[in-house]
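Chemist: sequence and predicted model, in that order:
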Amino acid sequence: MGRITATACLLATCAAGGALADTEPVKAWSFSPVPVGALRGVVIPASKASAFEALIETPGDVGLPAAWEGRKLAWGRLASQDDGGFRVVQRLKGDDPAAIMVIAGHFYNPVIYRNQDYRFRFTCNRTAALYIDGRRLITTGDARFCVARVHSYEHRVGPVRFVIVTSAQGEPDFHFEMAQPGDVHFFAELPKQIDKEAHVDDYLSRPISNGLVDAVVAVPDTVKGYYRGNRFEQAGIILSLDYRGHTYFPVAAMAHNPIDPHQPVGPCEECFDPIAWDDAKPGEPFIKFGVGLYEKQCVEKSAWYDPAWLVRLFDWTTRSGKNWVEFTQTVRGPRGWAYHYVKRIVLVPGQPEMRIEHELINTGRNQIDIEQYNHNWISIDGVEASYGYVAEFPFVPAAEGKTRSGFEFNGSSISFASQEPSYVSIAGFKPHATDNQVSISTKASSASLLITGDFALSKAAMYACEQAFCFEPFVTIRVLPGEKAAWSRVYKFRSGT
């Protein structure tokens with residue numbers, strides 16, 4: 001069993017009326033009850049109690065298991081009380097005085113507020129323990145409120161499971177409250193859109209070929225898509241690509257987390273800044289271009305790495321031919337924001353070449369301003385970045401701003417041979433399409449890759465990690481209502497033989 005420790009920044013006190021011995025947090029959020037609909041309870045026999053408690057002490061684990069050790073778990077609902085508390089209505093069956101009642105649910109953090117204490121207030125009419133994200137924060141045995149604090153850097157963004165463990169005898173009643181800014185969501189079972197176990201190995205895909213290059217492209221789907229994360233556009237994920245026995249992007253793994261925002265492969269695209277953010281109030285929807293509709297958090301500025309609460313993923317329509325696949329997304333968003341977006345992946349006939357073509361039509365009432373980049377997860381023949389990669393440019397690149405170690409600048413090239421993840425913004429390119437070009441190679445393979453675009457770079461960056469070596473070209477797109485924009489990215493595959 002876990003215990004409360006000050007060194008882990010899990011500060012808990014018990015006092016009549018809930019008075020705190022420590023200083024108040026930076027923002028004095030008020031307490032509100034956890035909704036009764038977000039709670040479920042189940043009885044665990046005494047012989048299994050210790051093992052089950054060990055199970056719920058796993059940090060980062062979420063979900064309510066439907067079965068455990070060959071036994072189906074019947075999670076029951078709880079009843080609310082007039083005083084704002086809860087009562088467990090599930091009765092213990094049989095004579096097992098040492099059985100335990102496990103009450104569980106989830107809350108979703110769409111952002112972590114820095115320098116902020118997240119507070120939980122709990123009381124029960126019997127001995128009970130409260131766990132947040134696998135950590136035991138509170139043990140109480142009387143009617144006094146117990147308050148636990150979790151500092152922001154110890155708190156987890158996204159879905160978090162809470163668990164209460166007490167005796168299964170009689171009908172335990174308790175109060176459970178959380179102090180939060182108002183953008184936290186509560187639920188019992190995981191919604192399918194954030195369930196990492198849903199449709200992991202039966203995702204949809206389309207093979208395409210031009211006789212030289214063979215590729216398998218993921219079909220975006222809100223339920224069964226290979227990638228359903230909230231960061232990258234779900235359309236355009238290349239699961240595998242081969243030219244003359246060489247591969248150029250990481251081959252997609254069958255076992256993966258489809259909702260992990262950082263787990264796509266190949267030339268995946270993203271817009272950092274959202275649409276319809278500035279005119280949205282906290283709690284109102286905004287648009288993540290090419291992804292979905294999200295709820296604005298209680299923050300002034302959007303951050304691409306914050307997993308805002310998903311209202312709905314945008315649908316895609318997919319068409320394909322022998323050597324191409326086309327994705328179309330039509331969005332009618334809030335407050336007059338709307339667009340029609342087409343992305344087309346083409347293996348050029350007779351050439352070892354792939355084109356990613358885009359067309360965006362502004363069908364709304366507001367000007368659309370986005371900056372799209374391609375992450376370009378590159379792994380030639382599976383060679384890890386630490387074995388040594390080189391990116392060659394038609395200009396002399398220079399590091400801009402802070403630079404993570406690992407990249408070396410040498411004339412018109414940037415090389416990498418490190419095991420540490422590294423990132424650097426690049427300057428030195430001119431504002432025309434001829435500088436939007438990079439040749440990527442590794443000393444461990446004869447194959448190489450040339451990436452170009454028909455647009456001037458607005459920004460550029462390099463990123464490298466164990467799995468991939470990445471060149472990130474950015475393009476600024478501004479579209480007035482009723483107008484359209486088009487841009488393309490081109491990949492030329494070279495075998496070296």
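Modeler: Received the coordinates, thanks. Residues are numbered from 1 along each chain as shown.
Chemist: from here on, just use CA atoms for contacts and neighbour counts.
Modeler: OK.
Chemist: and stretch 452-460, how far apart are its ends?
Modeler: This stretch, stretch 452-460, spans 13 Å end to end (C-alpha to C-alpha, to the nearest Å).
Chemist: same check, this time on stretch 288-295
Modeler: 10 Å.
Chemist: also stretch 383-401?
Modeler: Taking C-alpha to C-alpha, the first and last residues of stretch 383-401 lie 29 Å apart.
Chemist: tell me which residues of that stretch come out buried.
Modeler: For stretch 383-401, a neighbour-count test (16 or more other C-alpha atoms under 10 Å) marks 383-386, 388-393, 395-399 as buried.
Chemist: measure Asn115 to Pro394 for me?
Modeler: On the measure of C-alpha to C-alpha, Asn115 and Pro394 end up 45 Å apart.
Chemist: actually, Glu359.
Modeler: Using C-alpha to C-alpha, one gets 27 Å for the distance from Glu359 to Pro394.
Chemist: could you point out where the stretch 151-300 of the chain is predicted with low confidence?
Modeler: Counting by pLDDT under 70, the stretch 151-300 of the chain contains no low-confidence residues.
Chemist: all strands of the stretch 251-400 of the chain, in order?
Modeler: With DSSP state E, counting those that start in this stretch, the ranges of strands along the stretch 251-400 of the chain come out as 269-271, 285-288, 292-295, 310-313, 317-320, 324-332, 338-347, 353-362, 368-374, 389-392, 398-400.
Chemist: what about Ile370, neighbour count?
Modeler: The tally of other residues near Ile370 (other C-alpha atoms under 10 Å) stands at 18.
Chemist: please apply the same query to Ala215.
Modeler: For Ala215, using other C-alpha under 10 Å, the count is 21.
Chemist: do you know how far the closest residue in space to it that isn't next to it in sequence is from Val213?
Modeler: Nearest residue to Ala215 in three dimensions, chain neighbours excluded: Leu241, at 4.2 Å (C-alpha to C-alpha, 6 or more residues apart in numbering). Remark: distance between Leu241 and Val213 (C-alpha to C-alpha) = 7 Å.
Chemist: of those two, who's got more company?
Modeler: Per other C-alpha under 10 Å, whichever of Leu241 and Val213 has more neighbours is Val213, with 24 against 21.
Chemist: list the contacts of the closest residue to the more buried one other than its chain neighbours.
Modeler: Using C-alpha to C-alpha, 6+ apart and skipping residues adjacent in sequence, the residue nearest Val213 is Tyr243, 4.8 Å away. By C-alpha atoms under 8 Å, 6 or more residues apart in numbering, the residues touching Tyr243 are 212-214, 352, 493, 495.
Chemist: please redo it, this time with the cut-off set to 10 Å
Modeler: In this structure, Tyr243 makes contact with 211-215, 352-353, 447, 493-495, judged by C-alpha atoms under 10 Å, 6 or more residues apart in numbering.
Chemist: tell me the one of the residues you listed nearest His151?
Modeler: Nearest to His151 among these, counting by C-alpha to C-alpha, is Ala215 at 46.6 Å.
Chemist: what sits against that closest one?
Modeler: By C-alpha under 10 Å, 6+ apart, the residues touching Ala215 are 206-209, 238-243, 247, 323-324, 347, 354.
Chemist: nearest to Arg335, out of these: which one, please.
Modeler: Out of those, the member with the shortest distance to Arg335 (by C-alpha to C-alpha) is Ile238, at 34.0 Å.
Chemist: who does the closest one bridge with?
Modeler: Per DSSP bridges, the residues bridged to Ile238 are Val217.
Chemist: please report how far it lies from Phe249.
Modeler: Per C-alpha to C-alpha, Ile238 is found 8 Å from Phe249.
Chemist: and for these two, which residues touch both?
Modeler: 265-267.
Chemist: adding neighbour count and distance to His256, write these out as a markdown table.
Modeler: As requested, the shared contacts of Ile238 and Phe249 are arranged in a markdown table below (neighbours: other C-alpha atoms under 10 Å; distance: C-alpha to C-alpha, whole Å):
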| residue | neighbour count | distance to His256 |
| --- | --- | --- |
| Val265 | 24 | 11 |
| Gly266 | 24 | 15 |
| Pro267 | 22 | 18 |
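Chemist: can you select the buried ones from the contacts of Ala215 in ChimeraX?
Modeler: Restricted to buried positions by 16+ other C-alpha under 10 Å, the ChimeraX selection for the contacts of Ala215 reads:
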select :206,207,208,209,238,239,240,241,242,243,247,323,324,347,354
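Chemist: determine which two of the contacts of Ala215 are furthest apart.
Modeler: Maximum pairwise distance in those, criterion C-alpha to C-alpha, is 18.6 Å, between Thr247 and Trp324.
Chemist: tell me how the chain divides into domains.
Modeler: 10-190, 205-494 (automatic domain parsing).
Chemist: for the ones you listed, which has the smallest mean pLDDT value?
Modeler: Ranked by mean pLDDT, the domains of the chain bottom out at domain 10-190, with a mean of 79.
Chemist: run through the helices of the chain in chain order.
Modeler: Listed in chain order, the helices of the chain (DSSP state H) span 46-55.
Chemist: surely Asp133 touches Leu55?
Modeler: No: using C-alpha atoms under 10 Å, Asp133 makes no contact with Leu55, being 11.6 Å away.
Chemist: comparing these two, which residue is more hemmed in?
Modeler: Ranked by neighbour count (other C-alpha under 10 Å), Asp133 and Leu55 place Asp133 first, with 21 against 12.
Chemist: spatially nearest residue to Pro181 (excluding sequence neighbours)?
Modeler: Trp29 (5.9 Å).
Chemist: ok, now Ala433?
Modeler: The shortest distance from Ala433 to any non-neighbouring residue, by C-alpha to C-alpha, 6+ apart, is to Ala456 (4.3 Å).
Chemist: could you list the buried residues of stretch 210-221?
Modeler: Using 16+ other C-alpha under 10 Å as the test for burial, stretch 210-221 gives 210, 213-221.
Chemist: for that stretch, what is the distance to the chain centroid?
Modeler: 25 Å (C-alpha atoms, centre = their mean, to the nearest Å).
Chemist: start to end distance for it?
Modeler: End-to-end distance of stretch 210-221: 25 Å, with C-alpha to C-alpha as the criterion.
Chemist: same thing with stretch 236-246?
Modeler: Across stretch 236-246, first to last residue, C-alpha to C-alpha, it's 20 Å.
Chemist: and it, how far from the chain's centre?
Modeler: For stretch 236-246 - counting by C-alpha atoms, centre = their mean - the centre lies 25 Å from the chain centre.
Chemist: ok, now stretch 468-480?
Modeler: The chain centroid and the centroid of stretch 468-480 are separated by 20 Å under C-alpha atoms, centre = their mean.
Chemist: same check on stretch 97-114?
Modeler: From the chain centre to the centre of stretch 97-114 is a distance of 20 Å (C-alpha atoms, centre = their mean).
Chemist: over to stretch 383-400?
Modeler: Chain-centre distance of stretch 383-400: 28 Å, with C-alpha atoms, centre = their mean.
Chemist: with stretch 176-190 instead?
Modeler: Distance, centroid of stretch 176-190 to centroid of chain: 19 Å (C-alpha atoms, centre = their mean).
Chemist: could you do stretch 459-472 as well?
Modeler: 19 Å.
Chemist: between the two ends of it, how far is it?
Modeler: Across its full length, stretch 459-472 reaches 8 Å between end residues, using C-alpha to C-alpha.
Chemist: quickly note the distance from the residue lying closest to Arg114 once chain neighbours are set aside to Ile138.
Modeler: Closest residue to Arg114 apart from its sequence neighbours, by C-alpha to C-alpha, 6+ apart: Ser152 at 5.6 Å. For Ser152, the distance to Ile138 equals 18 Å [C-alpha to C-alpha].
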